[in-house]
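A.B. asks: predicted coordinates and the sequence they were generated for:
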Amino acid sequence: MSNEPAGEQRQEEGLKRTALPERGRIAGLDYGKTRIGIALSDPGRVLATPWSVYQRRGPSQDAAYFQKLVQQEEIVLFVLGLPVHCDGTESEVSLEVREFGKWLESVTRVPVVYMDERFSTQTAETWLRTANLSRKERQKRVDKLAAQIILSSYLAILKRGDAPPSWTPSPLDDSSSSEE
């Protein structure tokens with residue numbers, strides 16, 4: 001992991017930011033060391049649907065999985081949940097998530113943007129508890145539901161035409177740096 005400030009490593013090895021293609025799905029990811037929750041947008045990028053929970057297996061198998069996902073589901077953008085503190089500052093885990101994002105971009109050649117994931121898992125857990133699911137059933141679903149919450153937030157920003165948060169590299173501009 002690099003010791004550079006998080007904002008300065010966004011474009012280090014990343015893809016040049018260009019306009020978001022008109023066609024293709026967006027995937028939301030809830031990162032974890034052992035599991036990654038995945039949600040997919042519909043082709044019109046209006047709805048976010050919980051899709052799966054991927055059990056990580058190692059760099060080469062993980063790369064193959066995400067490459068296949070990109071091809072089969074026509075993914076044009078990954079929205080990766082970024083853990084931040086309540087005051088908006090990045091956490092120690094944020095660096096790990098950014099490293100994963102750089103790796104994901106390099107193996108899939110699909111841009112990655114970061115979305116504030118504050119309270120996404122807690123919200124998902126609350127929703128699942130209200131559905132009266134067993135603890136085991138909640139554990140199987142919480143990561144993909146958290147990914148859906150992350151992706152839904154991003155899709156709402158796109159729909160409104162608002163600028164993403166300042167620490168989120170935008171797929172809608174060509175800038176390769178941001179102010180910290």
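C.D. replies: Perfect, I can see it now.
A.B. asks: for residue 108, what are its contacts?
C.D. replies: For residue 108, the contact set (CB atoms under 8 Å, 6 or more residues apart in numbering) comprises 63, 66-67, 70, 75, 78. Quick note: C-beta positions are derived from backbone N, CA and C, even for glycine.
A.B. asks: for it, give me the pLDDT.
C.D. replies: Note on residue 108: pLDDT of 97.
A.B. asks: relative to residue 70, how far out is it?
C.D. replies: 5 Å (CB to CB, to the nearest Å).
A.B. asks: one more: residue 159?
C.D. replies: Going from residue 159 to residue 70 by CB to CB gives 23 Å.
A.B. asks: quick one: which of the two has more around it?
C.D. replies: Taking neighbours as other CB atoms under 10 Å, residue 159 and residue 70 compare with residue 70 leading, 20 against 10.
A.B. asks: so which bits of the helix or strand containing the more buried one are buried?
C.D. replies: When elements are assigned from DSSP states H and E, residue 70 belongs to helix 59-73. Neighbour-count burial for helix 59-73, counted by 16 or more other CB atoms under 10 Å, picks out 62, 65-66, 69-70, 73.
A.B. asks: tell me, how many residues neighbour the residue nearest to residue 53 when sequence neighbours are not counted?
C.D. replies: Closest residue to residue 53 apart from its sequence neighbours, by CB to CB, 6 or more residues apart in numbering: residue 143 at 4.7 Å. Number of residues near residue 143 (other CB under 10 Å) recorded here: 26.
A.B. asks: residue 143 reaches residue 33, doesn't it?
C.D. replies: No - using CB atoms under 8 Å, residue 143 makes no contact with residue 33, being 11.8 Å away.
A.B. asks: where is the longest helix in the protein?
C.D. replies: For the chain, the longest helix by residue count, based on DSSP state H, is helix 135-160.
A.B. asks: what packs against that one?
C.D. replies: strand 25-30, strand 35-41, strand 48-55, strand 75-82, strand 112-116, helix 120-130 (3 or more CB pairs under 8 Å, 6 or more residues apart in numbering; DSSP states H and E).
A.B. asks: with mean neighbour count and mean pLDDT added, can I get those in TSV?
C.D. replies: As requested, the helices and strands packed on helix 135-160 are exported to TSV (neighbours: other CB atoms under 10 Å; pLDDT from 0 to 100):
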stretch	mean neighbour count	mean pLDDT
strand 25-30	26	95
strand 35-41	25	95
strand 48-55	18	94
strand 75-82	24	94
strand 112-116	23	87
helix 120-130	16	64
